[in-house]
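>>> Give me the fold of what follows.
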Amino acid sequence: MRTHFIAIGGSAMHNLALALHQKGYQVTGSDDAIFEPSKTRLEKKGLLPTQMGWFTEKITEDIQAIILGMHAKADNPELLRAQELGLKIYSYPEFLYEQSKNKTRVVIGGSHGKTTITSMILHVMHFHNIEVDYMVGAQLEGFDTMVHLTETNDFIVLEGDEYLSSPTDRRPKFHLYQPNIALVSGIAWDHINVFPTYENYVAQFETFINLITNGGILVYNQDDAEVNRISLAASNPIRKLPYTTPEYKVENGITLLETPEGLMPIEVFGAHNLNNLAGAKWICQCMGVDEADFYQAIASFKGASKRLEKIAEGKTAVAYKDFAHSPSKVAATTKAVKEQYPDRKLIACLELHTYSSLNAAFLKEYQGALDAADVAIVFYSPDAVKIKQLEEVTYEQIAQSFQRNDLIIYTNPKDFKDYLFHLNLENSALLLMSSGNYGGLNFDEVKDLVG
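Take a look at the predicted model:
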């Protein structure tokens, strides 16, 4: 099958291109800029475009599928040419559905935890040599790509993102998968540029649940009041399986999970990760893995990339980085590190980097998010606010939003870096939370601080 990717360089898009190439498809693509690691990975397989830019002559009548990435605009020249020729144009999730119509589709949804839960499920399957197709939002240890597609595997595990499908398809991605088995981990308002009210955002998850195939299964987090409410209210003919945070305790920096066989040490920590684990366990059981086999495998799960990732450890100090940026994720991650290291000073640094987090109207959602930290620092770039064409966010608005009198705020990358590199980290835990890099911070240099 001949496929062409418009905006092939994206994290998700280039992984799908690699998966289709591996499956034997003829793959071409275009983009106006491709960065690492996408560039090298595409180059290795001969899929890197020879020139950057959009070229209408690449769009020919023999192309059987155009796959359109979110990075492309609705007036993209290649897209307009494809429409003119009447070619079949798919959004990323639409094409994944086409690839999985004859499989059992397992879709993991939620405002937070979905990458970790999907990663846990895949780790368990990999541990027990059970072959499944998948799409996950992070690079996993032991997996070559973030997307894997075959003709033969019975199951496909999909991370179900609630963001828009493509520039021409404004439906949330997870509305296109029609799951046979679905999980909802939690709901906390996000993507306010697309979902301007909390009610509108919640409605997307109600639709997701209603799209579960008749006779399918919904696994849901009973600890989340909103998830519990909409799950119980769903009237479609499905089986509902609630889960809750399991019992555990922390001893000498090790988290011990309560299991039928007694306490079991695990690599991940924090109540939110234990809650994720409980959801993953239900899904794995629905896929035929019994409880004992799940526990055997999950003991060695170290976490998804960029999710509470230990980057350095010394005699009395430790440093973690985490992708957390939404208020609920920031609060859960900060609490988790404090619980794991109760006798150490927790220094939590949060970069406000996403559209939602830099929106003045949304900032109040962060109230209390850094309360578990002994020292709380917020960094944001006024330049990023301008680039996103948002109203200016002031120092006072941020201070007011977090409701901490001792909050430290930086807007200059050099000043933040100077502060960080002059910290005394003795008997401390340093937590760096961002989907960016604090205006150019080299995380490898942070390792030397902890030493």
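
>>> could you pull out the strands for the stretch 51-200 of the chain?
65-68, 89-91, 104-109, 133-135, 147-148, 155-160, 164-166, 169-172, 181-184 (DSSP state E, counting those that start in this stretch).

>>> Out of the helices and strands in the protein, which is least certain?
The weakest-scoring helix or strand in the chain, judged by mean pLDDT, DSSP states H and E, is helix 382-387 (a mean of 70).

>>> so what does the next helix or strand after that helix touch, helix or strand wise?
Next helix or strand after helix 382-387 toward the C-terminus (DSSP states H and E): helix 395-402. Secondary-structure packing of helix 395-402 (3 or more C-beta pairs under 8 Å, 6 or more residues apart in numbering; DSSP states H and E): strand 375-380, strand 408-410. C-beta here means a position set from N, CA and C on the backbone, and glycine is covered the same way.

>>> winner for burial among these?
Neighbour counts (mean count of other C-beta atoms under 10 Å) averaged over each of these peak at strand 375-380, with a mean of 22.

>>> ok, now which ones touch the nearest residue to residue 313 once chain neighbours are set aside?
Nearest non-adjacent residue to residue 313, counting by C-beta to C-beta, 6 or more residues apart in numbering: residue 450, 6.4 Å away. Residue 450 sits next to 312-314, 317-319, 425, 430 when contact means C-beta atoms under 8 Å, 6 or more residues apart in numbering.

>>> go again using 7 Å as the cut-off
For residue 450, the contact set (C-beta atoms under 7 Å, 6 or more residues apart in numbering) comprises 312-314, 317-319, 425.

>>> Break the chain down into its domains, please.
Following automatic domain parsing, the chain resolves into domains at 2-87, 95-298, 309-450.

>>> Going by mean pLDDT, which of those comes out lowest?
In terms of average pLDDT, domain 309-450 trails the rest of the domains of the chain, at a mean of 88.

>>> picking that back up, same list (the strands of the stretch 51-200 of the chain) but as CSV, adding distance to residue 279 and mean neighbour count.
CSV is the format used below for the strands of the stretch 51-200 of the chain (distance: least, C-beta to C-beta, whole Å; neighbours: other C-beta atoms under 10 Å):
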stretch, distance to residue 279, mean neighbour count
strand 65-68, 30, 23
strand 89-91, 27, 21
strand 104-109, 8, 27
strand 133-135, 16, 25
strand 147-148, 22, 22
strand 155-160, 13, 25
strand 164-166, 24, 21
strand 169-172, 20, 17
strand 181-184, 5, 28
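
>>> and residue 241, which of those strands is closest to it?
Comparison of these against residue 241 by C-beta to C-beta identifies strand 181-184 as nearest, at 9.1 Å.

>>> Which strands or helices does that closest one pack on?
strand 104-109, helix 198-210, strand 217-221, helix 271-286 (3 or more C-beta pairs under 7 Å, 6 or more residues apart in numbering; DSSP states H and E).

>>> Apply 10 Å and report the result again.
Helices and strands touching strand 181-184, by 3 or more C-beta pairs under 10 Å, 6 or more residues apart in numbering; DSSP states H and E, are strand 104-109, helix 114-127, strand 155-160, helix 198-210, strand 217-221, helix 225-233, strand 239-243, helix 271-286.

>>> residue nearest the centroid of this protein?
The residue lying closest to the centre of the chain (C-alpha atoms, centre = their mean) is residue 115, at 4.5 Å.

>>> Identify the residues contacting that one.
Neighbour list for residue 115: 108, 136-138, 140, 146, 159, 161, 276, 303-307, 323 [criterion: C-beta atoms under 10 Å, 6 or more residues apart in numbering].

>>> need the helices for the stretch 1-150 of the chain, in chain order.
Taking DSSP state H, counting those that start in this stretch, the helices of the stretch 1-150 of the chain run over residues 11-23, 38-44, 77-85, 92-100, 114-127.

>>> Same list (those) but as a markdown table, adding distance to residue 177.
Converted to a markdown table, the helices of the stretch 1-150 of the chain look like this (distance: least, C-beta to C-beta, whole Å):
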| stretch | distance to residue 177 |
| --- | --- |
| helix 11-23 | 14 |
| helix 38-44 | 24 |
| helix 77-85 | 23 |
| helix 92-100 | 6 |
| helix 114-127 | 13 |
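
>>> looking at the ones you listed, which is buried most?
Across the helices of the stretch 1-150 of the chain, averaging neighbours per residue (mean count of other C-beta under 10 Å) puts helix 114-127 on top, at a mean of 25.

>>> Tell me what angle it forms with strand 104-109.
140 degrees (axes from the mean of the first three to the mean of the last three C-alpha atoms, to 10 degrees).

>>> from now on call the first residue 26
Got it, first residue is 26 now, which makes that one helix 139-152.

>>> Give me the helices and strands touching the longest strand seen in the chain, please.
If you go by DSSP state E, the chain has its longest strand at strand 370-377. Helices and strands touching strand 370-377, by 3+ C-beta pairs under 10 Å, 6+ apart, are strand 342-347, helix 352-365, strand 400-405, helix 407-412, helix 420-427, strand 433-435, helix 438-446, strand 453-458.

>>> Tell me which of those sits nearest to residue 125.
Here helix 352-365 is closest among those (C-beta to C-beta), at 28.4 Å.

>>> quick one: buried residues of that closest one?
Within helix 352-365, the residues that qualify as buried are 352-365, counting by 16 or more other C-beta atoms under 10 Å.

>>> Repeat that for stretch 461-470.
Those would be 461, 463-464, 466, for stretch 461-470 by 16+ other C-beta under 10 Å.

>>> of all the residues you listed, which two lie farthest apart?
For the buried residues of stretch 461-470, the maximum inter-member distance is 9.0 Å, found between 461 and 466 (C-beta to C-beta).

>>> Show me whatever sits in contact with both of these two.
Between them, residue 461 and residue 466 share the contacting residues 376, 404, judged by C-beta under 10 Å, 6+ apart.

>>> Distance check, the residue nearest to residue 176 when sequence neighbours are not counted against residue 175.
The shortest distance from residue 176 to any non-neighbouring residue, by C-beta to C-beta, 6+ apart, is to residue 48 (7.8 Å). As for residue 48, its distance to residue 175 is 7 Å (criterion: C-beta to C-beta, to the nearest Å).
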